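S.K.: I need the structure of the sequence given here:
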Amino acid sequence: MSSELRIKKLRGSGGYIMARLTDDQQVKGNLGGPDLFLAPIGRLDAELISKHFCNTCEKEFEGSPKIEFENPNEEVAENLMLAEKGQYLCNTCNSSIAEYREFKKQDEGGDVGEAKPIEQVQSTPQVQSTPQVQSTPQVQSTPQVQSTPQVQETTTQPGPVTSINSIEGRIVYDENANRVGIAKQVGIDSTQSMILVISQNDGTEGGIPWKNIKKVGEIILLGNPEETAQPGKCSCGFVNKDGSKFCEECGTPLQ
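M.R.: Residues are numbered from 1 along each chain as shown. Prediction:
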């Protein structure tokens with residue numbers, strides 16, 4: 001791909017920035033719609049940013065916003081580390097314009113570990129109950145005595161979970177039996193929630209929250225999870241940071 005820099009608008013949950021990007025960075029920022037988003041790209045050099053807009057101030061400013069970050073190097077899944085997390089902050093009111101997370105493999109040659117949200121792991125109890133009854137020899141003038149049965153129990157072991165390799169390539173259908181795409185991999189979004197990354201019918205890439213997956217078999221079947229009121233939740237289903245005025249996923253104004 002070309003390394004030529006082009007000025008592009010990158011949206012965040014609390015505003016946007018104008019920055020010069022390479023073609024590779026534009027691909028990262030494209031979540032399947034007409035807009036580009038800052039969160040998947042991560043930290044940009046301040047000199048590449050020409051302007052920023054803050055939703056709280058409702059004003060555009062020249063130059064780069066403040067960029068704060070830390071490197072927790074926290075393990076979030078097998079062979080997957082949260083290497084850096086940061087945010088772009090308005091220079092005037094210190095409101096968050098966008099947040100980002102960067103993940104790295106500990107072993108670049110290995111696969112990311114099993115996708116195992118707690119509610120998805122099914123355990124199959126394996127209990128062995130074998131009474132062993134021993135009786136004492138009968139003694140004259142002494143009634144026969146039988147000992148208490150001894151029961152041996154094994155600890156419940158968690159059952160197998162679905163791995164990334166087994167999910168890849170399976171057809172994804174919604175609750176109305178309509179095909180929506182093909183599963184590519186399991187990933188983690190900017191809120192550290194697990195998602196299923198799919199290749200949609202139109203060839204673009206999309207993400208489905210793991211809680212929307214009803215069953216995984218020869219196909220992957222989606223369902224409608226129970227809706228609960230969540231601050232910052234958009235009509236598209238994306239949960240934004242509390243206080244956000246625009247959706248980071250689709251750019252829709254929030255109530």
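S.K.: Could you check what's spatially nearest to Gly110, not counting adjacent residues?
M.R.: Spatially, and ignoring its direct neighbours in sequence, Gly110 is nearest to Asn79 (5.3 Å; CB to CB, 6 or more residues apart in numbering). C-beta here means a position set from N, CA and C on the backbone, and glycine is covered the same way.
S.K.: now the one you found: how far from Gly109?
M.R.: 10 Å (CB to CB, to the nearest Å).
S.K.: Same check on His52?
M.R.: For His52, the distance to Gly109 - CB to CB - is 39 Å.
S.K.: And for Gly63?
M.R.: Taking CB to CB, one finds Gly63 at 41 Å from Gly109.
S.K.: Look at Phe69 and say how many residues are nearby.
M.R.: 13 (other CB atoms under 10 Å).
S.K.: my bad, Glu75
M.R.: 12.
S.K.: tell me the SS of Lys211?
M.R.: Of the three states, Lys211 takes helix under DSSP: H, G, I helix; E, B strand; the rest coil.
S.K.: Give the burial count for it, as a bare number.
M.R.: 15.
S.K.: and what of the one 5 residues further on?
M.R.: By the measure other CB under 10 Å, the count of residues near Val216 is 18.
S.K.: Could you pull up phi and psi at it?
M.R.: Phi and psi for Val216, reported as degrees, to the nearest 10, are phi -120, psi 110.
S.K.: partner residues bridging it?
M.R.: Beta bridges link Val216 to Ile220 when assigned by DSSP bridges.
S.K.: where in the protein is pLDDT low?
M.R.: Applying pLDDT under 70 to the chain picks out residues 1-3, 111-166, 224-230, 255.
S.K.: Outline the domain layout of it.
M.R.: With domains defined by automatic domain parsing, the chain comprises 6-104, 162-222.
S.K.: wait, which of the ones you listed is closest to Ser244?
M.R.: domain 6-104 (4.3 Å; CB to CB).
S.K.: List the buried residues of the longest helix belonging to the chain.
M.R.: Looking across the chain with DSSP state H, the single longest helix is helix 23-29. Buried residues in helix 23-29, defined by neighbour count with 16 or more other CB atoms under 10 Å: 25, 28-29.
S.K.: Tell me which other helices or strands that helix touches.
M.R.: strand 6-12, strand 36-37 (3 or more CB pairs under 8 Å, 6 or more residues apart in numbering; DSSP states H and E).
S.K.: hmm, try it at 7 Å
M.R.: strand 36-37 (3 or more CB pairs under 7 Å, 6 or more residues apart in numbering; DSSP states H and E).
S.K.: Please state the offset of the strand it packs on from the chain centre?
M.R.: Centroid separation for strand 36-37 versus its chain: 18 Å, with CA atoms, centre = their mean, to the nearest Å.
S.K.: what about the helices in this structure?
M.R.: Under DSSP H, the chain gives helices at 23-29, 164-167.
S.K.: I'd like those helices written out as TSV, with distance to Ser199 added.
M.R.: Listed next are the helices of the chain as TSV, based on distance: least, CB to CB, whole Å:
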stretch	distance to Ser199
helix 23-29	14
helix 164-167	13
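S.K.: which residues does Val186 form a beta bridge with?
M.R.: Here Val186, judged by DSSP bridges, has bridge partners Leu196.
S.K.: How far off centre is stretch 53-63?
M.R.: With CA atoms, centre = their mean, you get 29 Å for stretch 53-63.
S.K.: ends of it, how far apart?
M.R.: Between the opening and closing residues of stretch 53-63 there is a gap of 10 Å (CA to CA, to the nearest Å).
S.K.: buried stuff in it?
M.R.: For stretch 53-63, by 16+ other CB under 10 Å, it's 53-56, 61.
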